[in-house]
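K.L.:
Output the structure for:
(2 chains)
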Amino acid sequence: MVLHYFGLPPKAATIDSAICNTLLLLACLLVMNTLRYYLPRGQQYINIFSICLFLTVVWLLLSKVLLKLTLGHYPGYNELLHYSLSIRFSIAFLLLGCVTMISILWYNQKEQVENETRKSGAEKLAKEAELFKLRQQLQPHFLFNSLNSINALIGSRPAEARKMVQQLSDFLRGTIKKEDTQWVNLQEELQYLELYLDIEKVRFGNRLATVVQIDEGALQLKLPALLLQPIVENAIKFGLYDTTGDTTIRIYATKEESNLIIRVENPFDPETSSPKQGTGFGLKSVQRRLYLLFARTDLLVTGAKENIFTTIVKIPQVADGV
Amino acid sequence: MKVLIIDDEPLARSIVNEYLQKHPELELAQECGDGFEGLKAIQQHQPDLIFLDIQMPKITGFEMLELIDQPPSVIFTTAFDEYAIKAFEAHAVDYLLKPFNQERFDKAIAKWNEQKATSSEKSTQDLLESASQSPSQSQRIVVKNGSKIKIIPVHDVFYLEAADDYVKIHTSEGYFLKNKTMSHFEKSLDGEQFVRSHRSYIVNVQQITRIDPYEKDGHVAILRSGAKVPVSRSGYGKLKEVLGL
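P.N.:
Next up is the predicted model:
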């Protein structure tokens, strides 16, 4: 269009720009398409530069030939074309260079995003497998030992055996049914935990006692399904499996501001298990889940005082989970 | 014949007791709820056979057996432990996976009687040796200190030193003796943390502050406690590898 000012008729200027720009567009598309399948790595910027240069030269020659053929009969056009070649060259080179850079950045970005999705997908799978494995470590023990207790009860106390079969079935059904993403209210979760604790009470006779104190306002608050389970399992593992004598497991729940606070206390044997060990097993998966749900690492706190191990978990009551 | 039942669950003990009724020649001397009680009862009653659970409070069934000089025959009763089961298959009289029935129980007793008759009793030492490969077994070392039992977490161990038929386990509280071989500890302890620096020494690399040359060929590792542990030429190579030098 600028050529119009150099005394070229509007029609000729339009044709000129149409030919040049179409060819330039083709060159750009060529570059973009190539880069889509082949991205230069690291120190290959010289290559890119030469490719741009080469394409620009080809473009210039092509357009020169085409322009001469179509517009050569206009007076003074050939001279004008001759003079403008260097300007055309620089503009085209700059443009192609820009397009190339933008394409490279764009495709690199895209590749990175793809890599990231793949990576996070793989991480998620690994995490799920890890959680599954963690759960599997405790479950078979619990299951087979419970069956063994039932076996013992069948001979001496059949009514109790029947009751325990019922409890064990309800408990297992709960584990299978619930998904990690589901939210439940505290009341439901406690009923489910009750089953678990009752089974343990049968297994260990009178050794286990539980104290459950829940504030009236906390019962209807929500928490992720099966989150409390590993905490109580951990309390049982260190408080009951690893100690001798009577054991009391305490569970308290309160509402503080917009948080549900649950505190679980269990005794432990300082001689055989250090509290450091206690945070390891089941609680690592709880910590990880809380982080994935709320992006916070301060929601699970543990502490040991004398021979009492305390686990406190804070669950924010978020609107979208309810 | 005297038998003992050692299991932390009362119902698990009662079912063994119930199955024992069919074998009047076996007299139940005592039921025990954990390994410490078990140790005492074994000393007191000198039983011919014990029924032993693995996962128990204080010390595991394996750790309990390690503390007995002349362990009686053992039939293990356990719910689930892949490492233990591997060990049983090779070396135990028999093992009963919970829950088990009377027939299976009778079979185990028959097997024991048979082994006694042919005096082909399996070695408890071999069993313990192969059970010690399990991850839960390599986290701590249980020793007897007089009549007291001491549980040493492995990260509290400075170094181990061979001493005739025993191994001296050096810790901040002095040393403890255990009737084991150096190669036993070399195998059961985590190789990333414990390195056999010398024919007679295994050192906890986390305790090492520096390694100095010593005499013409050797080196010596200086620990945080100030203790000096000899390092042979091949031990130096192993240490360098573990420490990434």
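K.L.:
Can you list the residue ranges for strands in the stretch 101-250 of chain A?
P.N.:
Under the criterion DSSP state E, counting those that start in this stretch, strands of the stretch 101-250 of chain A are mapped to A:183-185, A:208-214, A:222-224, A:247-256.
K.L.:
Turn the ones you listed into JSON lines, columns for mean pLDDT, mean neighbour count and distance to chain B.
P.N.:
Placement of C-beta: from N, CA and C, glycine included. Shown next, in JSON lines, are these (pLDDT from 0 to 100; neighbours: other C-beta atoms under 10 Å in any protein chain shown; distance: least, C-beta to the nearest C-beta, whole Å):
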{"stretch": "strand A:183-185", "mean pLDDT": "87", "mean neighbour count": "16", "distance to chain B": "29"}
{"stretch": "strand A:208-214", "mean pLDDT": "94", "mean neighbour count": "14", "distance to chain B": "11"}
{"stretch": "strand A:222-224", "mean pLDDT": "88", "mean neighbour count": "20", "distance to chain B": "28"}
{"stretch": "strand A:247-256", "mean pLDDT": "94", "mean neighbour count": "18", "distance to chain B": "10"}
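K.L.:
possible to save these as CSV with distance to A:Asn307?
P.N.:
Formatted as CSV, the strands of the stretch 101-250 of chain A follow (distance: least, C-beta to C-beta, whole Å):
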stretch, distance to A:Asn307
strand A:183-185, 32
strand A:208-214, 16
strand A:222-224, 28
strand A:247-256, 11
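K.L.:
closest one to A:Leu168 among those?
P.N.:
Ranking the strands of the stretch 101-250 of chain A by proximity to A:Leu168 (C-beta to C-beta) places strand A:208-214 first, at 16.2 Å.
K.L.:
how about the nearest residue to B:Ala227, chain neighbours excluded?
P.N.:
Of all residues not flanking B:Ala227 in the chain, B:Phe158 sits nearest, at 6.1 Å (C-beta to C-beta, 6 or more residues apart in numbering or on different chains).
K.L.:
Please give the element, helix or strand, for the residue nearest to B:Leu67 when sequence neighbours are not counted.
P.N.:
Distances taken as C-beta to C-beta, 6+ apart put B:Lys144 closest to B:Leu67, at 5.0 Å, once the chain neighbours are dropped. Taking DSSP states H and E as the definition, one finds B:Lys144 inside strand B:140-145.
K.L.:
C-terminal to that strand, what's the next element?
P.N.:
Next helix or strand after strand B:140-145 toward the C-terminus (DSSP H and E): strand B:148-153.
K.L.:
Which strands or helices does that next one pack on?
P.N.:
In terms of contacts (3 or more C-beta pairs under 8 Å, 6 or more residues apart in numbering or on different chains; DSSP states H and E), strand B:148-153 is packed against strand B:140-145.
K.L.:
let's go with 10 Å and repeat that
P.N.:
Contact partners of strand B:148-153 among helices and strands, from 3 or more C-beta pairs under 10 Å, 6 or more residues apart in numbering or on different chains; DSSP states H and E: helix B:35-45, helix B:61-66, strand B:140-145, strand B:166-171, strand B:174-178.
K.L.:
quick one, what contacts the closest residue to chain B within the stretch 201-322 of chain A?
P.N.:
Nearest residue of the stretch 201-322 of chain A to chain B: A:Gly205, at 4.5 Å (C-beta to the nearest C-beta). When contacts are counted by C-beta atoms under 10 Å, 6 or more residues apart in numbering or on different chains, A:Gly205 touches A:149, B:9-11, B:14, B:33.
K.L.:
Can you tell me which of those is nearest A:Leu240?
P.N.:
B:Glu9 (10.4 Å).
K.L.:
Residue 37: what's it in contact with?
P.N.:
Defaulting to chain A. Here A:Tyr37 is in contact with A:Tyr107 (criterion: C-beta under 10 Å, 6+ apart).
K.L.:
um, chain B though
P.N.:
A:244, B:4, B:6, B:8, B:30-31, B:56, B:58, B:64.
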